[in-house]
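Q: below are the sequence and a predicted model; questions follow.
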Amino acid sequence: MREENNSEILSIKNMLCQCCKLFLSEKLEELGLVVKKISLGKVEVVHPKKRVSYDRIDAMLKKYGFELTHNREEKIVDEIKIAVIELIHHLNNADSIVRKSDYIVEKLGLSYQYLSKIFSEHKNQTIEKYIISQKIERIKHLIDINELTLSEIAYLMDYSSVQYLSNQFKNITRMTVSQYKDSDRSSKIPIDQL
């Protein structure tokens, strides 16, 4: 956290989507803070009158599934997660020229080997497995909204074929795409819990 006059930057764990930004902006303002700038994983706040304690901020965050991130490695893990979510869920992932590892390296400015080591130590899974789990959840969402064919979804999600997508989907979810379509679709996992 950096302080400048009454302004500081808070690093927040599990802040992974646009809804999180809106929600946390409101909740931080309810605590008496002014949100100056907000992006995924980071909020610049101003204490306009009385300083709000970190304990109070952290207690509010924890109540809603977030928390302050203090150490460098935790911040890096959150930045990796944010980069993967941006790539898979927000940038539509259609440009297969940009490899996912290159995107993460460029976004964070650190070597892939270092990022991979830190991520694996803190999340007990590789970045590659995390990317695949995010892709599967995005595929479930695309199937649910029923606007694209499976071929279009395979292309959008950077699979070389529908068969490859189907095989990976079954390997991860333990059900075929058809079984998923026929199910109650309760197997969806929130992206912040992957």
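A: Received the coordinates, thanks.

Q: would you map out the domains in this structure?
A: The chain breaks down into these domains under automatic domain parsing: 3-70, 73-193.

Q: can you lay out these as a markdown table showing mean pLDDT?
A: Compiled in a markdown table, those are given as follows (pLDDT from 0 to 100):
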| stretch | mean pLDDT |
| --- | --- |
| domain 3-70 | 87 |
| domain 73-193 | 87 |
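
Q: need these in JSON lines (columns: mean neighbour count).
A: C-beta coordinates here come from the backbone N, C-alpha and C atoms, glycine included. Conversion of the domains of the chain to JSON lines gives the following (neighbours: other Cβ atoms under 10 Å):
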{"stretch": "domain 3-70", "mean neighbour count": "15"}
{"stretch": "domain 73-193", "mean neighbour count": "15"}
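
Q: now do stretch 144-153: everything it contacts.
A: Stretch 144-153 has contacts (Cβ atoms under 8 Å, 6 or more residues apart in numbering) with 139, 142, 143, 156, 162, 165, 166, 177, 185, 188.

Q: next, the distance between the ends of that stretch.
A: 12 Å (Cα to Cα, to the nearest Å).

Q: now do it: distance to the chain's middle.
A: How far stretch 144-153 lies from its chain's middle: 22 Å, per Cα atoms, centre = their mean, to the nearest Å.

Q: over to stretch 49-68?
A: 21 Å.

Q: just to revisit the earlier point, among the contacts of stretch 144-153, which ones are in helices?
A: The helices, defined by DSSP state H, take in 139, 142, 143, 156, 162, 165, 166, 177 from the contacts of stretch 144-153.

Q: is it true that the second one touches residue 155?
A: No: between residue 142 and residue 155 there is no contact, the gap being 11.2 Å when judged by Cβ atoms under 8 Å.

Q: which element is residue 45 on?
A: strand 42-46 (DSSP states H and E).

Q: distance of residue 131 relative to residue 62?
A: 27 Å (Cβ to Cβ, to the nearest Å).

Q: can I get the strand or helix carrying residue 59 in PDB, CA atoms only?
A: Assigned by DSSP H and E, residue 59 belongs to helix 54-63. What follows is helix 54-63, C-alpha atoms only, in PDB (Å, rounded to 0.1, in the frame of the first residue of the first chain):
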ATOM      1  CA  TYR A  54      -7.200  -1.500   7.900                       C
ATOM      2  CA  ASP A  55      -8.900  -3.800  10.300                       C
ATOM      3  CA  ARG A  56     -12.300  -2.200   9.500                       C
ATOM      4  CA  ILE A  57     -11.600  -2.300   5.800                       C
ATOM      5  CA  ASP A  58     -10.400  -5.900   5.900                       C
ATOM      6  CA  ALA A  59     -13.400  -7.000   8.000                       C
ATOM      7  CA  MET A  60     -15.800  -5.500   5.500                       C
ATOM      8  CA  LEU A  61     -13.900  -7.100   2.600                       C
ATOM      9  CA  LYS A  62     -13.800 -10.600   4.300                       C
ATOM     10  CA  LYS A  63     -17.600 -10.400   4.900                       C
END
